[in-house]
Every structure is written in C-alpha cells, then in structure tokens.
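Quick one: sequence and predicted model below, then my questions.
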Amino acid sequence: MIATRQNNHQDRLLLWLHFILIILIYAATGYYSQGFDDEYFNLMVVEKFGTDIAGFTQTTDVHPPLSYLLNAWLIKLLGSWEWVRLISGLLTASAIVATIARLGSNKNIRYSLILIYLLAFNPALLLWGTSLRWYGYFFPILIWLLVVPQNKNWIWPKLFISFLILGHIGYISFFIFPAMFLYYWLSDERDAKEKSKSILLPALVSLLLYSPQLSVFFKVHYPRSGGQVFSITSGLIGIFSTHFSNQGVFPLSVPGIISAIGTAIMLVLIVIDFKSEWAKPFGLPFTSGLFILLVARIAGKMRNLSVMLPLQAKGFADKINIASSRWTWIAMGMIGFGNLVGTYNVITHEDTTKNSWNIPITTLKSFVENELRSEKSTTLIYSHDPMITWHFEQMGYPVRSPYAHQKVNVEGKKFKYAVVIWTNPGYLPKQRMDLYRFEISLMKKSSEKTFVLGTDKYASLKRRKDPNYPDELIKLNVISDPEQLAISSTWSPFFITRFK
C-alpha cells in the first residue's frame, strides 16, 4: 500500500513537472517571438483601426473578426505585443494541459505522457498556437473539443457552441466541422434517434446566431478568397510535412524522415486494427477531415492542416496505450524524437517549415547597428518583408517598404547608407521582385557591399518546388552615399495608401 502511494505521488509529480514545462515553453515562445510575415498584417490593421477593426474586417479582409477584436482589446489593455503573444501562448498551453489532464484522469500516467509528447510537443501547435493570428485563439477551443462530456446532455451543446465561436475566429471551422461532428457522433454511445434529438436544438440555435457572419462570408469574404486555395499536389506535400513529418523540421531531413516512418508504422497498425471499437472515433473523422481539406484545395497552407493534429495525437495515443506492442512503441519513439527536434527548432527559430520563422532577425539588427555604426536617421532601410520592416521601424530607422507604417520622404534628403535587405520572397510575384531589384540598381552611389547572414542548408531541395528560392536567409546590399532615391517608388507603402 505504501509503495503504491509513493508510485502514485511520483507519477503525479512527473506529470505536473511536464505540465509546468509545457506552460513555460509556450509562454516563453510567445513572449520572445520575433513574429512572422502574416502576423504583421494583422498587427498593422489592429494598430490602425483599434477596437473599430470589425468594420474593416467585415468589409475588406478574408477572415472573420473575432481574432482581430481580441488582439485590439488585448493590446489596448496590455500595451505590448509581447504580452499579447504571451496570452496567446498561455491560452494554448492551458488548453493542452487541461485536455491531457481530463483525458488521462481515468487512465494510467503512461497515456498522459504519450499525449504530451504527441500533442503538447507537436511543433506546429507551438509555432501557430503562440501567434497573433487567428490560430492562436482557435487552437485552445479546438483542443478542448477532444474532451467529450460525460454528461450526455452537454455533448452536442458543447460541440455547436464551440463551433459558433470558432466560426467567428476562422473559416477553417467550416471544413473541419464534419470531422469533429463524426468524432462526437461516434463517441456518443446512444442510438441514432436519441442523438438526433439532442442535436436538433443546439444546431438550429447555433445556425441562427451565426447567420449574420455567414452572410458576410458569402457577400464579402468568399469572393476575395482566391489567394487561399492551392493545388492538390501542394496539399499532398502539406499533408506529408504536417501529419507524417512535422512542421518543425524540414520533411526530408533526418528527423523529418524518422518521424514520417514512425507515423507510417502507426497508420499501418491502425489500418490493420481499423474495425476495433477504439479506432472508430479516430479513423473516420481524421481521414474525412484530411480529405475535405485536400479537395477544398486549402491544404497547401500547412497552418490549415494543423487543425487536424489534435485528433491525430489522440488517436495515436489511444492506439499506443490500448494496443501496446513493440511496433507501437518503436513508432512512438520515432514520432516523439521528431517532435522534440522540431520543438527545439521552433524555440530557436531555425530549420522549420515556416521560412519567415527562420529569419535571424536578432543577428540582422545587431549587424546593422554594430557594423555600420551610423546614426539611424542617416541609414535608410529597404525591405520587402513585413516582419523586418516592423522591427526596424520599432528601432527608429526610416524604412522604405510596401509594409511600412509611415511613408518616408526621400526627396532632397541625404543618407549615408541605404541598406537593402533581401529574404525569401515567399508568395510575392517574381515580376514584383524583379521590379524591386531594378529600381535599386538605378540608384547612384559611391560604393556597394554585399553581406550574407545565414544560409538555408535545404535550399537546393526547396528549389525543386520553388526555382527562385535563395541560398541565403538574409542578403544585404549596403549602398554608400545613395542618390536618386525617389526612383524607388515601388517600395512605397501600399498599406497607408490603400486603407485610410
């Protein structure tokens, strides 16, 4: 009896140490995040419109307004984007901890630990779940949905109320609702007639309450959504990178391949045992969810695929815990290894699948400040990257960029240096990048030097998909005594001229 109590105490201590570690990792990653490209559009519109931002999002953007409103209220309350990201990280971490604690409450500690390494340490949840964009508020609710209420009267109200909220955060909720509906349907042990009766009222109320936003979606947001769809091939690559490998590692790296093999082993074991009762609440919802995302052509953006990761983590944890065998533990070890490497990469901002996350912004800022040693007012920064633009504006440099907050008047002004910062163009059209380069080449100058800050070790492989992908993480052209700066009109901010 004493030994059993000691073991239980040690188990609880081990579990809570993991929970504390999860909260610290997510909180620190959020607070110290340098951000990434898409975040800064969100940040810019919030800073411009404040708590009146709903008017902008409902008439101009392609996303529902709730995440923007939450950011506007939080930045007004906290005064710092670091603190807003901290809140985002804590929300995601808290949902993960609460979900694991609840799901593991009637199982052994082994199950909880398995779920920790499959769910909490999945790099995609750490990357997206600590951000300022909609996923930072979407994931906490989605993760908590893994817990099906034991009280049968609350099963369906929980699902529909949650998706009523999720539908105001991200339209991805439309595409994953069928999967989560199936998950709840298969988890509800009542007969079909009883379940249908329980569904009717919460479904009708939720649809009625959501109808105003649904109208905005069809009238405003859907017609603007052309840039949100991708090819089936891109979707299949995204599925491999997200659900076989993980988003914290390059999929063809050693950790990525190890993780992919482990996932493949798990899926084979699940298919072999697919008819068993435990597999039903996972297999059908998970495969249907991935299929819908793929055929809807939104799986090309891996952040969209991340919404299926909580269900995958729970399905794998159930398999390992219930049907424990040598192969399940081999697969678990391989997936866990890949997740831990990916989590480390997210924390250190290197070698993830999100190229903007890998930019060495601290090295760049130090280089410009310490290498040039000139007054900020005499150093003109050029950047086509929204993250770099924001950081240098915060440092007090004049910045010419499509994403600049302020238009810099260069007419008749003298600068000691013009620092042109080149990074991976991402989805920027090649024609626009060529125009940027052409305008820079027209500058008169006394001298020019080129510097490279960091290289992408997987650049040659990435060029098989994107021929324009550069070797360098950052390349700088440092131009001394630049003249004819007004020629570079394409670098003027589009944001302040488009939204006044």
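Arrived safely.

helices and strands around the helix or strand containing residue 327, which ones?
Under the criterion of DSSP states H and E, residue 327 resides in helix 326-348. On a contact count with 3 or more Cβ pairs under 8 Å, 6 or more residues apart in numbering; DSSP states H and E, helix 326-348 meets helix 2-31, helix 123-128, helix 254-272, helix 309-322. For every residue, glycine as well, the C-beta is placed using N, CA and C.

tell me the most buried of those helices?
Of the helices and strands packed on helix 326-348, the one with the most neighbours on average (mean count of other Cβ atoms under 10 Å) is helix 123-128, at a mean of 28.

C-terminal to that helix, what's the next element?
Under the assignment DSSP H and E, the closest C-terminal helix or strand after helix 123-128 is helix 135-144.

Buried residues of the strand or helix carrying residue 164, list them for me.
Here residue 164 sits within helix 152-166, counting by DSSP H and E. Residues 155-164, 166 are the ones in helix 152-166 that count as buried (16 or more other Cβ atoms under 10 Å).

Quick one: mean pLDDT for it?
For helix 152-166, mean pLDDT rounds to 95.

ok, then the element right after the helix holding residue 327?
helix 361-372.

care to break this structure down by domain?
The chain breaks down by automatic domain parsing into domains covering 2-357, 359-498.

Packed most tightly, which of these would that be?
domain 2-357 (a mean of 19).

Would you confirm that residue 408 belongs to a strand?
No - looking at residue 408 with DSSP: H, G, I helix; E, B strand; the rest coil, it is coil, so not inside a strand.

For residue 421, see how far away it is.
With distances taken as Cβ to Cβ, to the nearest Å, residue 408 is found 15 Å from residue 421.

Same question for residue 477.
To residue 421, residue 477 is 8 Å away according to Cβ to Cβ.

How about residue 32?
Per Cβ to Cβ, residue 32 is found 22 Å from residue 421.

ok, now residue 162?
Note on residue 162: its distance to residue 421, by Cβ to Cβ, is 42 Å.

So residue 101, which state does it fall into?
Of the three states, residue 101 takes helix according to three-state DSSP.

try residue 287
helix.

Contacts only, for it.
Counting by Cβ atoms under 8 Å, 6 or more residues apart in numbering, residue 287 makes contact with nothing.

Next one: it relative to residue 188, how far apart?
Distance from residue 287 to residue 188, by Cβ to Cβ: 20 Å.

cool, and residue 352?
From residue 352 to residue 188 the distance is 38 Å (Cβ to Cβ).

same question, residue 178
Counting by Cβ to Cβ, the separation of residue 178 from residue 188 is 16 Å.

what's stretch 445-463 in contact with?
Under Cβ under 8 Å, 6+ apart, the answer for stretch 445-463 is 250, 252-253, 351, 355, 358, 360, 363-364, 367, 371, 418, 469-483.

List the residues that contact the nearest residue to residue 310 once chain neighbours are set aside.
Counting by Cβ to Cβ, 6 or more residues apart in numbering, residue 310 lies nearest to residue 143, which is 5.0 Å off, once chain neighbours are set aside. Residues near residue 143 by Cβ under 8 Å, 6+ apart: 92, 95-96, 99, 119, 125, 310.

Let's have these in TSV, adding distance to residue 294.
Formatted as TSV, those follow (distance: Cβ to Cβ, whole Å):
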residue	distance to residue 294
92	25
95	26
96	26
99	26
119	23
125	21
310	18
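
Tell me the one among those residues nearest to residue 139.
Nearest to residue 139, judged by Cβ to Cβ, of the contacts of residue 143 is residue 92 at 5.1 Å.

What pLDDT does the model give the residue nearest to residue 250 when sequence neighbours are not counted?
Spatially, and ignoring its direct neighbours in sequence, residue 250 is nearest to residue 458 (4.6 Å; Cβ to Cβ, 6+ apart). Note for residue 458: predicted pLDDT of 93.

Any stretches of the stretch 301-450 of the chain with poor pLDDT?
By pLDDT under 70, the stretch 301-450 of the chain has no low-scoring segment.

Find the helix or strand that residue 76 is a member of.
helix 66-78.

swap in residue 412?
Residue 412 belongs to no helix or strand, assigned by DSSP H and E.

Look up how far residue 489 lies from it.
Separation of residue 412 from residue 489 (Cβ to Cβ): 16 Å.

cool, and residue 117?
52 Å.

go on, residue 297?
35 Å.

Output stretch 51-63 in PDB, but only the C-alpha positions, please.
Coordinates of each C-alpha in stretch 51-63 appear next as PDB, following Å, rounded to 0.1, in the frame of the first residue of the first chain:
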ATOM      1  CA  THR A  51     -11.300  48.400 -31.400                       C
ATOM      2  CA  ASP A  52     -13.100  49.700 -34.500                       C
ATOM      3  CA  ILE A  53     -11.400  47.000 -36.600                       C
ATOM      4  CA  ALA A  54     -14.600  44.900 -37.100                       C
ATOM      5  CA  GLY A  55     -15.700  47.500 -39.700                       C
ATOM      6  CA  PHE A  56     -12.500  46.800 -41.700                       C
ATOM      7  CA  THR A  57     -12.600  43.000 -41.400                       C
ATOM      8  CA  GLN A  58     -16.200  42.700 -42.300                       C
ATOM      9  CA  THR A  59     -15.800  44.800 -45.500                       C
ATOM     10  CA  THR A  60     -12.300  44.200 -46.700                       C
ATOM     11  CA  ASP A  61     -10.500  41.200 -45.200                       C
ATOM     12  CA  VAL A  62     -11.000  37.500 -45.800                       C
ATOM     13  CA  HIS A  63     -11.200  36.400 -42.200                       C
END
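
mind starting the numbering at 36 from now?
Shifting the count to begin at 36 puts that one at stretch 86-98.
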